Structure formats: structure tokens, C-alpha cells
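[1] Pasting a predicted model and its sequence here:
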Amino acid sequence: MESVIAQRDRLGVKPGQIYVDGAWSDGSGEARIAHIHPSINQELTTIADASEADVNAAVAAARSAFDEGPWPHMGASERKRLLQPFVNLLHEHAEELAFLQTLDNGIPINFSLNTRVSAKNAADIFDHYCGWIDKITGQVFPKYTDAADLHYLTLREPVGVCGLIIPWNAPLMMWAMKVAPALASGCTVVMKPAETASLCALRLTELLQQVDLPPGVFNLVTGGPAVGQALVTHPGIDKVSFTGSPQVGEFILSKAGSNMKRTTLELGGKSAAIVFPDAASISGAAQTVMSLCSTFLSGQVCSTTTRAVVHESVYDEFIAAAQGQLAQVKFGDPFDLETTSAPIITAKQTERIMRYIELGKEEGARLVAGGDRPTEGALAQGNWVNPTIFADVDNKMTIARDEIFGPVLSVIPFKTDEEAAAIANDSDYGLSGALYTTNLARAFRVSKAMRTGSVGINGYSVMPNSPSGGVKRSGIGREGGWATIEAFTEEKTLILNLAVE
Ligand code: NAD
């Protein structure tokens, strides 16, 4: 796959730096982190591994931009005038950013250009939050009693300095989902992208530089878990907004308590798609569910419905159609428009997925497709796992309980609606879910029974103006629309005693 190297050279990718207080530098970390492309397992470049001193400097810059700078107090129209041009910059650089994203994590270029993870969607996210800037309002309350001349109103103020930590799988969208609402709310920011996919974050930072925010409002540090840890334990951080694995989310929650940091956690899932016999098309439902596992990011998406809970009367039809979908899967050069699926992000994660596949077999699930890896030609060099279907899965099996984060679908039979909802809810996670039915009453009833942050009825996607997030081990808080503005602001109550002239 020479095109990966060729694209790196065409895009002029250079070794990454950190961005602190309006200036780029190599940082003072001793080591550098190799950026390895998952389709070929070859190093493309390196990124800085920020030191604790670098994190301290970034937090200090954000702290002084918040405590002394104009940004949190700036008039809404001025803040909007500064941020809004970034939307156009994202549109102008949409193609370049899509190619960088494919260099970051191997997502097929067609998806990187054209789906909700694209730069155009990142532009929509920024546009949406720019629209909020002059609408972030408090409340005015009616006078409660005639016994006192007290009047209550609230102001909504930025929460402060925010540590933003994102995962590797959708670097453009994740960066925008955190940075746009934080800046729109008047917060200052230290962003840390994933060590496996920092190229987009670096380029987005260069583009953001062009809109001339005051120094220290936005800072970028790159590196691995130690950098994230230094950020989330730093006393100068007021809020952590994290998207990533539940394991790291739990660690962050345990540390954030030390100075009562506000936390938003968008974590993993083991979502269920319930397929009822009255679905508009059983094969259509099967193809949708299977393509979420087998194409795009190859199941490496938090909301993927990796448990298909299928009525026994249509079970065989579902499995056959899911198997049929695999004919559409095409591995290969991520810059080829025909390629449908991403490699697995690291060799280590590939091994982890293969261990889960072995466990599925050992625990008695019936392997009906996949379960192996390409072993010949160029594909053998990369982290590819063939899309895998397990039938006759019991919801107690490990493959039905753990987030595998790969192209593995577990198909679980059910008899009654109540049983289907119980299976869906019998999970540590509660991120999302999907129902395939044409019966509106059933859809509404079962949606209400599901303990998840969202439920898609006959399909789902994420939009900038509506909230998404999880319950249980899938996280705390919501991202999208006003919910995010609330999460990046505090409500201050003003009490006016009008009895005193
Ligand atoms: P991860 O938790 O390994 O890493 C996420 C980020 O946290 C990275 O930037 C990483 O460097 C950093 N990090 C690691 N250890 C840390 C620590 N001790 N302290 C602070 N930061 C630390 O996750 P990942 O492998 O990059 O992404 C996959 C996970 O993300 C999956 O569980 C997936 O479901 C989840 N995810 C959730 C959503 C959502 O919106 N709910 C979206 C995308 C991905």
C-alpha cells in the first residue's frame, strides 16, 4: 500500500509539536511517539510525547487566559465574530482533513470524506455552537413572596479551564464535539488527542490559529496515557470532558474528585439491535446491523450494535442476510474509494479481538462467518480481522458482555418483547440501542423499557444539535446541542434585595 506513504508525502505531514500559549514547540518530553499506520504497520512520522512540565505550561496558559484574559468576558458578538470563520476554514480544508484522517486511523477515504465523521460534519458542529454564543442565557424567576422584596435571576458563566481528551476513532468529529462547545461557552482549553491518531488534531490546531484567538485560549498537548493523567489530576483544571474507554473513564472519575472537577464521560457500549418479526425488511435490518460491524470503522465505534437480539421466527433469515452482507466488504488500500472497511487500530487490539473470537468458540457460540484474519499478500502486513458472526449466543457469554471494539456480531434469539428488552438491558453498558419494527406502539413501549442514552428506531445517527451519551458504564452527561453548553457552563444565582435603596 504505497499510497499511504505517498499520501503522507503529498500532504506534507511533518513530525508533530505541541501548541502552548499561542506558540508551537517540540515540548520537553524526552521520547517521541511513532505514528504507525494500521493498514501497513509502518511508521509514518512521530508526535511529541509531552512531559509533565509541558502539561503544566499548557494548563498555566489556559488558566491565565481564563482568569485574566478577555475570552470568558468577551461580548457574545465579538466571540462569535472570532470563531465563526473557522467554519469556513473547515469547509475549505475538508478534503485535506479527510485524507489526514485516513492517515490518522485508516478509515476508508470514502467514509472519511462523506459521513458524520467528516470535516464537513466538524464544520456543522462548529456552526451549531457558534449559533449558541449569543443565546447562552440564565433565567429570571417570578418573585416568590410578598414578605420580602427579593428577586432572583441566574447568569450562565463558563466553567473554566477544560481538559479535553479524545479517542482515536473519529479524530475530526471528536475534536469538534469538544472544542466547539467549550470555546463557544467562553472556556479555555487544553486538548489531548489519542496517541494513535493525532495528525488531524495537529492540523486543526494550525487552522484554528488562523482565527486569532487570544493566546492561551486553546492549547494542544500530545502523548499517551501519562499526558492524559497529568491533565486530569492537575489542580488548575476545572472540568474534564473525556471520550474513550470505560476503564479510563472510571480512572478519571476517581481522580477528578480531588478538586471536584466537573466531568463529562462519553464511554463505550455493548448496544443491542432488537429485530422484531414485523420489521419492514428482515434482510434490510440484518444488512444494516452487519454493515455497522463490518464496514466503515469495522465495529470500532462506540454506538455499534454488536448484539443483534433477533426474534426466533426470523432468526435464520437474519443470519443468512447478515452473512450475505459480507459480500460487500472490501479490504485494501484505505485511499481507494472502493475500500469499505478500516483496519484495526493497533496490532495489540487485533490480538485482543482474536482472543475474544477464541473465547466465543470456547464458550459454545456457533461461528457462522469470519473468525480469522487475511494471511496473504499486502493485507497480511496490516491489522485486518475478517468480519465475524456468532450465532446461538447466550447473553451471559463473554462475547455478549464485553466491548470487543471490532467486527464481531453476536446474534441472540428471543421469544417475547419483554424478553428482548430484558436481554438488551442485561449489560453493564447503556450507550445506545436500535429497534427494527413497523409497529409504532411496540417501538415506543420497548424504547421506554431500554436503559440506554438513545434508541434508534429503524436507523440512527448523531447530529450536532441533539444530545447523545450513555447511562450505566457508558458514561455521565450528554454531548450535543444545549446539553453541551450546560456542561461547559455554571449557573450563578443573583439575589437582588430591592428593599435597600
Ligand atoms: P482509550 O480510553 O484507550 O483512550 C482515550 C484517550 O484517553 C486517549 O487520548 C488516551 O491517550 C487517553 N488516556 C489513556 N489513559 C489515560 C489516563 N490514565 N488518564 C487520562 N487519559 C488517558 O480509548 P480509545 O481506545 O482511544 O477509544 C476506544 C474507546 O472509546 C471505546 O471504548 C469506545 O467505545 C470509546 N468511544 C466512546 C465514544 C462515545 O461518544 N461514547 C465515542 C468514541 C469512542
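    Noted; the coordinates are in hand.
[2] how about A342, what does it touch?
    For A342, the contacting residues are P38, N105, G106, I107, P108, F111, F296, L297, S298, Q300, P334, by Cβ atoms under 8 Å, 6 or more residues apart in numbering. Just so you know, the C-beta spots here come from the backbone N, C-alpha and C atoms, and that holds for glycine as well.
[3] what sits against the third one?
    The contact partners of G106, by Cβ under 8 Å, 6+ apart, come to H37, P38, S39, P334, A342, P343, I345, G382.
[4] Near the ligand, which residues of the stretch 301-450 of the chain? Just list them.
    Contact residues, the stretch 301-450 of the chain versus the ligand (Cβ under 6 Å from any ligand atom): C302, E403, F405, L431.
[5] 5 Å instead?
    Proximity of the stretch 301-450 of the chain to the ligand (Cβ under 5 Å from any ligand atom) is limited to residues C302.
[6] And for the chain?
    Residues of the chain found near the ligand (Cβ under 5 Å from any ligand atom) are 165, 167-168, 194, 225, 228-229, 243-245, 248, 251, 266, 268, 302.
[7] The contacts of G106 into JSON lines, with extra columns for secondary structure and pLDDT?
    JSON lines is the format used below for the contacts of G106 (DSSP: H, G, I helix; E, B strand; the rest coil; pLDDT from 0 to 100):
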{"residue": "H37", "secondary structure": "strand", "pLDDT": "97"}
{"residue": "P38", "secondary structure": "coil", "pLDDT": "98"}
{"residue": "S39", "secondary structure": "coil", "pLDDT": "97"}
{"residue": "P334", "secondary structure": "coil", "pLDDT": "97"}
{"residue": "A342", "secondary structure": "coil", "pLDDT": "98"}
{"residue": "P343", "secondary structure": "coil", "pLDDT": "98"}
{"residue": "I345", "secondary structure": "coil", "pLDDT": "98"}
{"residue": "G382", "secondary structure": "coil", "pLDDT": "97"}
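[8] Among these, which one sits closest to the ligand?
    Of all the contacts of G106, the ligand sits closest to I345, with 7.0 Å by Cβ to the nearest ligand atom.
[9] State the pLDDT value of the residue nearest in space to the middle of the chain.
    Residue closest to the mean C-alpha point of the chain, counted by Cα atoms, centre = their mean, is M174 at 5.1 Å. Looking at M174, its pLDDT is 98.
[10] Provide the secondary structure category for it.
    Under DSSP: H, G, I helix; E, B strand; the rest coil, M174 falls in the helix class.
[11] I33 now?
    Per three-state DSSP, I33 ends up strand.
[12] how much space between it and G12?
    20 Å (Cβ to Cβ, to the nearest Å).
[13] The residue in the chain positioned nearest to the ligand sits in which helix or strand?
    Closest to the ligand within the chain is G228: 2.1 Å, counting by Cβ to the nearest ligand atom. Using DSSP states H and E, G228 falls within helix 225-232.
[14] ok, of the contacts of G106, which come out buried?
    H37, P38, S39, P334, A342, P343, I345, G382 (16 or more other Cβ atoms under 10 Å).
[15] now for those, which pair is the farthest apart?
    Using Cβ to Cβ, those reach their maximum pairwise distance at P334 and I345, which is 12.4 Å.
[16] Low-confidence regions, the stretch 1-150 of the chain specifically.
    Within the stretch 1-150 of the chain, the segments meeting pLDDT under 70 span 1-2.
[17] Show me the helices in it, by range?
    Under the criterion DSSP state H, counting those that start in this stretch, the stretch 1-150 of the chain contains helices at 2-10, 52-67, 76-83, 85-92, 94-105, 109-114, 119-132.
[18] Just give me the neighbour total for R203.
    By the measure other Cβ atoms under 10 Å, the count of residues near R203 is 23.
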